[in-house]
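Asks: Sequence plus the predicted model coming up.
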Amino acid sequence: MRSLNIAMVLPLLVASVGLAGCAAPAADDNADGQSNAVTGGSGAIESPVVFLFESAAKDIAPRCAGAMIADKFAVTAASCAKVGLILGHAADKDGFGKRATVTKIHTPPGAESDIAVVELDRALTGTHALITHMPLRDGYAVNAFAATDGKGLFSPDKNEASSISASMIEETSTHGSIVPAKGTEICDGDIGAPVCSSTGGKISGYNLYGTCGLSGLVVSRVIAAAATPATPPAAGAPAVAPSTTPATSCSGGAWKVAQLGQHAEFLKTFAPKAFQPWFIDAPVLRDHPYYAPDGLWGYKTKGEVKACTLGATTLAPVAMSAASAKLSAKVSFAAMDKNAAAFGRFGIAPKSDPTKMSWLPAKQLGTAAGGTAFDADFEGLVSSATAGDFVVAFRASANGGESWTSCDTDGIANGFAVDKALSLKVVDANAPSTTPTPPTTTPASTPAASDPSYSDPPASAGETTEGDPSRDSSEGDVTPAKKPAADAQGCSMSSTPLRNVGGSSLPVVGVLLGLAALVRRRRAS
């Protein structure tokens, strides 16, 4: 990973103290490793994050990253998983502390699966990730290791644990597209990097850090579709396929993230507790039975979409990459559980292959409704970087994205039909006056995705009251920016923004523990 440098990380050292009372670590959990989670410019590497190595040597770079979901099981990208790899906690001396060996690989059913659960020969006790929803918004933490040596006193050196902030801008039925925050990059060495939608919370005034509400894993780059050529090739000329080989190993563009919640039943067979709240076992917190991150998958999230209609409008043609006219949809939600979340998405797909739908955020108008039943209006935009004929649809979820109901212009009573969706023609202003060829893929990002007003609600601060997180706080906007990489090395790195550090009630202890950890790390190196 590659990141901005920061001039001061002392508040992050303060924040690190909260983890000790967070997730009921086992008796042999390495407390020293927990404090060492503050690595250089990144104070936010999450405790469940692990590195995978080709051998047990102490001088090699990690092969990729993953996250612990149980004492003997970790989840990573399928392309990373191999029997014989050595796995260690990222926060525990950058993977060089207590380690284990991968003995078995487990993959979910389906030919397109790109995640794997690796089974270990020994237990690595400590904090485990909890599986959460993956909303389209900013405020994510992508956790891996630094590609180059940091330039500042507190910046991570090459191959040290690092974390960046990022925004989720788009999704399909199984994946999302994430863009690093301005000035940061994700790199080819970050495959398997855990993507955390929430990384801390607050219980009775105590800030909890080092946690991970695990939404997904970075699995590959997003390769944008090639635009339709302005003039067709000459007769007999060989066809030239668009290049999918990246020019550099790091990118500030979009990266593909596998949604872990879509594999919930598979993951539960290895880590059922990854879908349950944490029970806290610390003297000062025992009045609060557990901590549940925002969007915990399947935890009090039941809800129903009773009615859903896409606004019946005719869409005027638009140029490539230009936003469509404003879209609208109306949804009725019912039987909403305590943690149920109402989401909407506008989608665009080639008319020649309407199943290849790319879904973009929809803004819920007015004040967010509450209660067990309510109506909601949504609006949004779509666009395409390629020319052709497209269909535009809408879908709604009452449970944060665990299930979706597709909607067309005549409602949902008779199901979804492509001929009842909206039609959109995207034209190439430089093309000759012929019918453009429909594209085979949809764009990696759109103007709608970069507009912060079109996004899901921000994550809550995680204040727990009788086990349920608060929904009242918000996070700052992160403006995505694409930036070409300057070197060809492995993984991106950044210092993440300071997260809710003002509420810690133990600032002096946090500073001392953080500084002690830094001294230990420098001496060990």
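Replies: Arrived safely. Residues are numbered from 1 along each chain as shown.
Asks: quick one, helices of the stretch 351-500 of the chain?
Replies: 447-450 (DSSP state H, counting those that start in this stretch).
Asks: so after the helix or strand bottoming out on mean pLDDT in the chain, what's the next helix or strand?
Replies: When the helices and strands of the chain are scored by mean pLDDT, DSSP states H and E, helix 31-35 comes last with a mean of 29. The helix or strand immediately downstream of helix 31-35 is strand 49-53, counting by DSSP states H and E.
Asks: what residues are up against the nearest residue to S455 once chain neighbours are set aside?
Replies: Using C-beta to C-beta, 6 or more residues apart in numbering and skipping residues adjacent in sequence, the residue nearest S455 is R137, 4.3 Å away. C-betas here are computed from N, CA, C, even on glycine. With contact set as C-beta atoms under 8 Å, 6 or more residues apart in numbering, R137 has these partners: 167-168, 361, 455-459.
Asks: What pLDDT is listed against R137?
Replies: In the predicted model, R137 carries a pLDDT score of 95.
Asks: gap between it and D59?
Replies: Computed with C-beta to C-beta, to the nearest Å, the distance linking R137 and D59 is 40 Å.
Asks: Can you give me the domain assignment for the chain?
Replies: Per automatic domain parsing, the structural domains of the chain span 1-229+248-295+459-525, 304-450.
Asks: Going by mean pLDDT, which of the ones you listed comes out lowest?
Replies: domain 1-229+248-295+459-525 (a mean of 71).
Asks: Who is T101 paired with across the strands?
Replies: I86 (DSSP bridges).
Asks: Distance check, it against V218.
Replies: For T101 relative to V218 (C-beta to C-beta), the value is 24 Å.
Asks: more crowded one of those two?
Replies: V218 (27 against 14; other C-beta atoms under 10 Å).
Asks: what's the helix or strand for the more buried one?
Replies: V218 belongs to strand 206-221, assigned by DSSP H and E.
Asks: list the helices and strands the helix or strand just after that strand packs on?
Replies: For strand 206-221, the succeeding helix or strand toward the C-terminus, using DSSP H and E, is strand 250-251. With contacts taken as 3 or more C-beta pairs under 8 Å, 6 or more residues apart in numbering; DSSP states H and E, strand 250-251 sits against strand 186-187.
Asks: Whichever helix or strand comes after the strand it packs on versus strand 49-53: what angle between them?
Replies: Where DSSP H and E defines the elements, the next helix or strand beyond strand 186-187 is strand 194-203. With axes from the mean of the first three to the mean of the last three C-alpha atoms, to 10 degrees defining the directions, strand 194-203 sits at 150 degrees from strand 49-53.
Asks: Just the CA coordinates for strand 194-203, please, in PDB.
Replies: Extracted in PDB, the C-alpha atoms of strand 194-203 (Å, rounded to 0.1, in the frame of the first residue of the first chain):
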ATOM      1  CA  PRO A 194      -9.300  -7.200   4.500                       C
ATOM      2  CA  VAL A 195     -11.700  -4.400   3.800                       C
ATOM      3  CA  CYS A 196     -13.300  -3.300   7.100                       C
ATOM      4  CA  SER A 197     -16.500  -1.200   7.000                       C
ATOM      5  CA  SER A 198     -16.100  -0.500  10.800                       C
ATOM      6  CA  THR A 199     -13.000  -0.500  12.800                       C
ATOM      7  CA  GLY A 200     -14.000   0.700  16.200                       C
ATOM      8  CA  GLY A 201     -16.800   1.500  18.500                       C
ATOM      9  CA  LYS A 202     -17.600   3.000  21.900                       C
ATOM     10  CA  ILE A 203     -19.000   1.300  25.000                       C
END
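Asks: Which strands or helices does that strand pack on?
Replies: Strand 194-203 packs on strand 64-70, strand 140-145, strand 206-221, strand 464-465, going by 3+ C-beta pairs under 8 Å, 6+ apart.
Asks: Tell me which of the ones you listed is the most buried.
Replies: Greatest average neighbour count among the helices and strands packed on strand 194-203 goes to strand 140-145 (a mean of 31), per mean count of other C-beta atoms under 10 Å.
Asks: what angle do that strand and strand 49-53 make?
Replies: Going by the same axes, to 10 degrees, strand 140-145 makes 30 degrees with strand 49-53.
Asks: helices or strands next to strand 140-145 in the packing?
Replies: Going by 3+ C-beta pairs under 8 Å, 6+ apart, strand 140-145 lies up against strand 49-53, strand 64-70, strand 161-171, strand 175-180, strand 194-203, strand 206-221.
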